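Colleague: Sharing a model prediction with you, sequence too.
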Amino acid sequence: MSRLVLSSISRRFGGVTAVDRVSLTLQAGEFVSLLGPSGCGKTTTLRMVAGFLDPSEGTIEMDGRRLSSPGATVPPEKRNMSMIFQSYAIWPNMTVAQNVAFGLEVRRLPRDEIRIKVRRILDVVQMGHLEGRYPQELSGGQQQRVALARAIVVQPTVLLLDEPLSNLDANLREEMRYEIRRLHDEFHITTIYVTHDQAEAMVTSDRIAVMNQGRIEQVDAPRALYARPRTRFVAGFIGRTNLLGGLVRGDDVVFDHFTIGRERFPDGAALQGPVSFSLRPQAIHLHRQSPAASAHVCVIPGVVAQRAYLGEHWDYTVRPAGSALALRVTARPHEVFDLEEKVWLELDPRQMALLEPE
Amino acid sequence: MRERSYVVWLLLIALLLLLVINPLARLLWASFQHPETGAFTLENYVAAYGRWRHVEALVNSLVIGVAVALLCTVFGVPMAWAVSRTDMPAKGLVWAAVLGTFIMPNYLGAVAWILMAGPNAGWLNRIYTTLTAAEAGPFNVYSKAGLVLVIACYSFPYMFVFTRSALDLISSEMEDAASTLGAGALRTTLRVTLPLALPAILGAFIVEFLEAIALFGTPALIALPARFQVMTTMLWQMFEFPPRVQVAAAYAMPLLLVTVFLFWLQYRIMARKGYVALTGKGGDRRLVRLGPWRWVLLGYCLLVTSLSFFMPILVVLQAAFARAWGRGFSWDNVTTRNLRFVLLEQTATRAATLNTFVYAAAASVIALVLALAIAYIVARRLVPLGRTLTYVAMAPFVIPGIVLAIGFYAAYTARPLVLYGTAWILILAFATRFLPIAYTNSDAALRSINPELEDAARILGAGRLLSLRRIVAPLLRRGLAGAFILVFIPATRELSSAIFLYTTGTQVLSVLLFDKSDEGNFEVLSSMGLILVVVTVALVLVGFRMVGRDFLLRRTAT
């Protein structure tokens, strides 16, 4: 278990800045995901932590020891880290057991000890019965388990995972998310997990760092990230959302054809000028009759413009009366409304997350 | 912090420069150097091009080159179309015969054609006189027409392979589009199919031309007795004692420049946009139904391959096992004496046989190790300007063997590094000559390995060299076996560079075969050629087993 500190690291390739002044601190034993769309710099960041790339600026330190700085980088083999690759990178010329034993052999452990450790870790990942197999004879999920065993068996200071589940089919992917988290709960290795899949990040991580265009936009625990996105990008990338733009005028926040009193927002007093909020589709409720308004409930009339039945829920698009806005609303399967039906939208200003101005 | 492996990379890059850049630089320098004083001069160029004899040889080369390329088109394109697009029968046989042609060293083909079409005694002439009761046969291989025919016979496989690959990529949908608009099969073929393959045919045309003008063996065996010269034979004569290296260097310059320019042109033609459209998915391909014409086409294919393969291999086999080849096919004429003589009894040929395979093996290993290292350095961006190294490693592809040999002679006969007179100059010249084949294959093999496999080893604590040894090398083994064969085969038969660089004791079979050609002992010549063919066939079969049927063709895919 090690504490890892990334201090304002950047990486440029020619004229392109792939990673732009990223700072991040991982506590010992913490599991942090780097989440973002492809090309956001998350893999580049990971490869700098691994030592495959030099940072153009900034430093990486582990337990107070400087690992990376421009022009002076400890090579990957001297970092005592482990990494799991997108392709698993299981060596096809070695058996499962030989793959797992490799890191221990490099560390010159006695042969008996290697055998015991390999056996034990293969049991942990439920691969003990396949130790003599070659990788070509394994399924994708089994290869993934071998990769995990091979990475963990050397007791690394830091475990790095680069989109490890992206080549698995949907069911297996779901299963392996929990497996990865289970192994973390068992071994408490400081972990950085790179993914573009928010569900993976949410299942596995203590904290998630959302990256966009080479920068970290927000670092938070999964629930906080979903409930309180701070930027438009984070709000849109984690789950679906409605973006509402408004203007503070006197005691009201004026939206397109409806207003909400500013005292009803948390920190409402601090609001001023143009503001924008993120409101999740689940946070809006639809009614046939107007519900009673209260301190926490605003009620707005509207019309159903579009609907889709998705089995687990309904997806409605509702236009507030007279407004050009199209609000997405998620409703339970039995809440059936017709197209063009007049409805009442119930929303809670406390669930509207204020976004930073762009 | 530099990796420890850095020194290894720098040493290998230095070797690359020593093999490719130094000979070329010395060649260029020698062409401007006064033979005695060493001062800068243009006299060499005057000496090289001031004589009509020399210019005439140049003209001969160009004319013969164009004629060969035309004849190759006539041979190769219909065959490629027949095999790729029609329902012609016995395609396997035609394909095998083309492969057989590819495997024959060109100078062995020349020997076979001397046996077939030598004036008076040649088989074809004897058959003709027997049939017609004429005084003498009409065939004479010792002529410009004969030379063109023989060279074309052994270089048309390039045309066949290029054209066929292009035709294989044209989907039937394109042809169907023409058919639905009312075009008949012939019209579709001439207006749609062939034009689509035209860039490939043009590219092959250039390659054929360059092959023909750079060739030494066949012209030396045929043109010299016929009393005319081409550039390569002229260069060789400039090396007769005392060697006039500076004049030869000057004389070789146009050959080098033309080759570089035409390869560049060929590259441009092949890379043109219209051609890219073909490289998409092949799509579904249906074969053109020829009806009775398919037998005509098969007849044509068999005629061409009879000229290039069936008849030559027959006469070579007959001669190799004959007491006297002129006595024809009869059991009392059969003997193994020639083969025993070559392999066991005569010291010179025995040594040459051994040298051939030892040098070829050493050259292949050197070329492969170097190519692999360079490909690795480029792929992993271990040094700045890595892409340039690719061009250097590929450069020998556009240097005619004979020019490379003169460069090696100029670079390594004098201090500080004297290799002339040792086996090393031959081995290194072979390694350099076939470095591009090794490089293309190494690069492909390396690309087929996910770099993450190596990264995985490093993050687990293995340094770069250990990762290479434990992970990359075992994975490359299979791909490189094919590459080894592809370098080894041409290295065993290489004549055009060996002829300038051998000395007594470092002769190889090709050189010896050429040396003995003026003794007229065709039984022994055929035996030596046959040894090369047999070894090559064995290696090709091993290659098929290990790498798959297309591996020989990769050579031309550069």
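Modeller: On my side now, so go ahead. Numbering: from 1, shown residues only, chains lettered A, B, ... in the order given.

Colleague: what's the nearest residue to the residue nearest in space to the middle of chain B if we skip its chain neighbours?
Modeller: Per C-alpha atoms, centre = their mean, the C-alpha nearest to the average position across chain B is that of residue B:490, at 6.7 Å. With C-beta to C-beta, 6 or more residues apart in numbering or on different chains as the measure, residue B:434 is the residue that lies nearest to residue B:490, at 5.7 Å, once sequence neighbours are left out. No exception for glycine: its C-beta is placed from N, CA and C like everyone else's.

Colleague: who touches that neighbour in this structure?
Modeller: B:363-364, B:367, B:396, B:487, B:490-491 (C-beta atoms under 8 Å, 6 or more residues apart in numbering or on different chains).

Colleague: Next one: it, what pLDDT does it get?
Modeller: If you check residue B:434, the pLDDT there is 92.

Colleague: Then residue B:232?
Modeller: In this model, residue B:232 is scored at 92, pLDDT.

Colleague: distance of it from residue B:13?
Modeller: According to C-beta to C-beta, to the nearest Å, residue B:232 and residue B:13 sit 32 Å apart.

Colleague: quick one: which of these two has more around it?
Modeller: With neighbours defined as other C-beta atoms under 10 Å in any protein chain shown, residue B:232 and residue B:13 compare such that residue B:232 has more, 27 against 19.

Colleague: so which strand or helix has that one?
Modeller: Counting by DSSP states H and E, the element that carries residue B:232 is helix B:231-238.

Colleague: and that helix, what does it pack onto?
Modeller: With contacts taken as 3 or more C-beta pairs under 8 Å, 6 or more residues apart in numbering or on different chains; DSSP states H and E, helix B:231-238 sits against helix B:52-85, helix B:194-214, helix B:217-222, helix B:245-270, helix B:401-412.

Colleague: 6 Å - rerun?
Modeller: In terms of contacts (3 or more C-beta pairs under 6 Å, 6 or more residues apart in numbering or on different chains; DSSP states H and E), helix B:231-238 is packed against helix B:52-85, helix B:217-222, helix B:245-270.

Colleague: Need the winner for burial among those.
Modeller: Comparing those by mean neighbour count (mean count of other C-beta atoms under 10 Å in any protein chain shown), helix B:217-222 ranks first with a mean of 26.

Colleague: before we move on, back to that, looking at the contacts of residue B:434, which are in strands?
Modeller: Taking DSSP state E, every one of the contacts of residue B:434 sits outside strands.

Colleague: Flag the shaky bits of chain B, pLDDT-wise.
Modeller: For chain B, applying pLDDT under 70 flags the ranges B:1-4, B:272-285, B:547-558.

Colleague: So which bits of it are right by chain A?
Modeller: Within reach of chain A by C-beta under 6 Å from any C-beta of the partner chain, chain B has these residues: B:1, B:450, B:452-453, B:456, B:458-463, B:471, B:474-475.

Colleague: Drop anything exposed from those.
Modeller: Neighbour counting by 16 or more other C-beta atoms under 10 Å in any protein chain shown classes B:450, B:452-453, B:456, B:458-463, B:471, B:475 among the residues of chain B next to chain A as buried.

Colleague: could I get those as a markdown table with secondary structure?
Modeller: Below are these laid out as a markdown table (DSSP: H, G, I helix; E, B strand; the rest coil):
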| residue | secondary structure |
| --- | --- |
| B:450 | coil |
| B:452 | helix |
| B:453 | helix |
| B:456 | helix |
| B:458 | helix |
| B:459 | helix |
| B:460 | coil |
| B:461 | coil |
| B:462 | coil |
| B:463 | coil |
| B:471 | helix |
| B:475 | helix |
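
Colleague: Residue numbers of the stretch 51-200 of chain A in contact with chain B?
Modeller: Residues of the stretch 51-200 of chain A lying close to chain B (C-beta under 6 Å from any C-beta) are A:72, A:76-77, A:81, A:83, A:85, A:87, A:89, A:91, A:93, A:102-103, A:106.

Colleague: one more time with 8 Å
Modeller: The stretch 51-200 of chain A comes close to chain B at residues A:51-52, A:72-83, A:85-87, A:89, A:91-93, A:102-103, A:106-107, A:150-151, A:154, A:160, as judged by C-beta under 8 Å from any C-beta of the partner chain.

Colleague: count of neighbours near the one residue in the stretch 151-300 of chain A that gets nearest to chain B?
Modeller: Per C-beta to the nearest C-beta, residue A:154 is where the stretch 151-300 of chain A lies closest to chain B, at 6.2 Å. Applying the criterion other C-beta under 10 Å, we find 22 residues in the vicinity of residue A:154.

Colleague: Please, which helix or strand holds the spatially closest residue to it that is not a sequence neighbour?
Modeller: Closest residue to residue A:154 apart from its sequence neighbours, by C-beta to C-beta, 6+ apart: residue A:103 at 3.9 Å. Residue A:103 belongs to helix A:96-106 when elements are defined using DSSP H and E.

Colleague: Quick one: mean pLDDT for that helix?
Modeller: Helix A:96-106 shows an average pLDDT of 94 in the prediction.

Colleague: Now do the next helix or strand after that helix: everything it contacts.
Modeller: Counting by DSSP H and E, the next helix or strand C-terminal to helix A:96-106 is helix A:111-124. The contact list for helix A:111-124 (C-beta under 8 Å, 6+ apart) reads A:96-97, A:100-101, A:104-105, A:109, A:128, A:130-131, A:149, A:152-153, A:183, A:186.

Colleague: can you give me the strands for the stretch 101-250 of chain A?
Modeller: For the stretch 101-250 of chain A, applying DSSP state E, counting those that start in this stretch gives strands covering A:158-162, A:190-195, A:207-212, A:215-220, A:242-249.

Colleague: swap in the stretch 401-550 of chain B?
Modeller: With strands called from DSSP E, counting those that start in this stretch, the stretch 401-550 of chain B shows none.

Colleague: can you give me the helices in it?
Modeller: B:401-412, B:423-433, B:435-447, B:451-459, B:464-467, B:473-493, B:498-501, B:509-515, B:522-547 (DSSP state H, counting those that start in this stretch).

Colleague: Distance from the fourth one to the middle of the chain?
Modeller: It refers to helix B:451-459. 38 Å (C-alpha atoms, centre = their mean, to the nearest Å).

Colleague: Tell me which residues are up against that helix.
Modeller: The contact list for helix B:451-459, computed with C-beta under 8 Å, 6+ apart, reads A:50-52, A:75-77, A:79, A:81-83, A:85-87, A:89, A:91, A:102, A:150, A:160, B:379-380, B:464, B:466-468, B:470-472, B:475.

Colleague: could you flag which of those residues are buried?
Modeller: Neighbour-count burial (16+ other C-beta under 10 Å) is assigned, among the contacts of helix B:451-459, to A:50-52, A:75-77, A:79, A:81-83, A:85-87, A:89, A:91, A:102, A:150, A:160, B:379, B:464, B:467-468, B:470-472, B:475.

Colleague: For residue B:336, give its distance to chain A.
Modeller: Separation of residue B:336 from chain A (C-beta to the nearest C-beta, to the nearest Å) stands at 45 Å.

Colleague: Tell me how many other residues crowd that residue.
Modeller: Neighbour count of residue B:336, defined by other C-beta under 10 Å: 11.

Colleague: Give me the phi and psi angles of it.
Modeller: Here is the backbone geometry of residue B:336 (degrees, to the nearest 10): phi -100, psi 10.

Colleague: For it, give me its contacts.
Modeller: Counting by C-beta under 8 Å, 6+ apart, residue B:336 touches residue B:321.
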